[in-house]
Each structure stands twice: as structure tokens, then as C-alpha cells.
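[1] got a predicted structure here, sequence first:
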Amino acid sequence: MDKLLFINNYIMAERIKMMKVCAALEPWSVMDQLKAFDEGEEESAHRVSHKLWSQSRRPLALALQSRISDVFAVDIHPAAKIGKGILFDHATGVVVGETAVIGNNVSILHHVTLGGTGKIGGDRHPKIGDGVLIGAGATILGNVNIGEGAKIGAGSVVLIDVPPRTTAVGNPARLVGGKEQPTKHEECPGESMDHTSFISGWSDYII
């Protein structure tokens, strides 16, 4: 077969596949979109785009990512690695960068960013351990590690590593209990969804 004809046929086949995938994501009504969020459809769609990316079918993966962003207002790069049991609670406005890694049983609320710090290439996005809870509006930037079972408070800006089973809050984020002896918890916040228990020991937080 002529090389140019082969390339044209390949491109056409990819376009047809892309159209089928996009058609499957086409929202029929507001209720359909709400139902999709309940079923974690944005996460399932990402897994499809990630599979395409890993198969070096990157134009199709990026096209699907664009469609996911349009439908769900979620921007997850196809190369990002996401574990099992992930909860995108509300999900709207979530951004996950190319080299980000999210472990198992992680809960992420709306308007969370797992982004970079301006570097163009290389490993430049956060690594989220198992059982982590990331509150609404939190921003985690750079190739930092969020330890297993850690909790990131709503609206926090995290630029350095967070130890396992600790809580980081504020902008810039600081550890509850202090850097030298941070307060640790036993529960898995990604499953318990406990956002506020750390506040009880901070008198200046009480209104």
C-alpha cells in the first residue's frame, strides 16, 4: 500500500474512533449530565483517554480530553495516572497535570489544581498517596509528595512535601501541630471525608 494512502487511512480511522467516543459523551439533557457525575463518568472517560495516550494514540487522547473538559468542566491530562476508588466530589474545575500521579481511595473536591510551577518538561506535577483528602479550592504545585492518608485543607496552597497522616492548611500551607511535631491522625480522610476535626485544637479558629 502506498505510504501516503496508509497514513490517510490511519488518520481517517482515528477520526471515526474519536467521533464515536465523543458521541458517547454527548450530553442529552441536564439530568443526563447530573447522572454522569453520580456515576463518575468524568473519571471513566479519563481512563479511556489515558489508555489511548499509553498506546501512543496521542492526538485522539487529546481530542477526547478536550471533549471531557467541554462536557464536565474537568481538565485531566491523558498522561496523568489515577488509581482505584477515586472520588471527584462535584468535580467542577478540577485540573490534573500531565505527570501527576493519584493513588487509591483519594477524594478530591471541586476546583482543585494539581499543577506545575512553570517547568516545560520533565516530572513536574504532584504525587498523591493513597487515602488522601484534598479540600475544595486547594492548589498543589510542583513535583511534591502528599503522603498516604494526608489531609489538605480547603483553599490551601501546597508547594512542599506533606508527611503521611498529617494535615496541611493555609496559604502557603503549614502543618497542623508544627513542622517539627505535626499532629497525626489515624483515620483515612479520603474515605471518612473529615474536613474539620483538626480545627477543635486551634482556639484562634473558633468564632
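    That came through, no problem. Numbering: from 1, shown residues only.
[2] can you list the domains in the chain?
    1-75, 80-197 (automatic domain parsing).
[3] residue 161 - how many residues pack around it?
    15 (other C-beta atoms under 10 Å). C-beta here means a position set from N, CA and C on the backbone, and glycine is covered the same way.
[4] which residue packs closest to it, ignoring adjacent ones?
    Of all residues not flanking residue 161 in the chain, residue 145 sits nearest, at 4.7 Å (C-beta to C-beta, 6 or more residues apart in numbering).
[5] from residue 152, how far off is residue 166?
    10 Å (C-beta to C-beta, to the nearest Å).
[6] now do the same end-to-end measure for stretch 133-151.
    One end of stretch 133-151 to the other measures 5 Å (C-alpha to C-alpha, to the nearest Å).
[7] ok now it, how far from the chain's centre?
    Distance, stretch centre to chain centre, for stretch 133-151: 10 Å (C-alpha atoms, centre = their mean, to the nearest Å).
[8] residue boundaries of the helices in this protein?
    Using DSSP state H, the helices found in the chain span residues 3-25, 30-38, 41-54, 58-72, 189-192.
[9] may I see the buried residues of the fourth one?
    Of all the residues in helix 58-72, those buried under the rule 16 or more other C-beta atoms under 10 Å are 60, 61, 62, 63, 64, 65, 67, 68, 71, 72.
[10] what's the average pLDDT for that helix?
    Mean per-residue pLDDT for helix 58-72: 78.
[11] other SSEs contacting it?
    The helices and strands touching helix 58-72, judged by 3 or more C-beta pairs under 8 Å, 6 or more residues apart in numbering; DSSP states H and E, are helix 3-25, helix 30-38, helix 41-54, strand 75-76.
[12] mean pLDDT lowest where, among these?
    helix 30-38 (a mean of 43).
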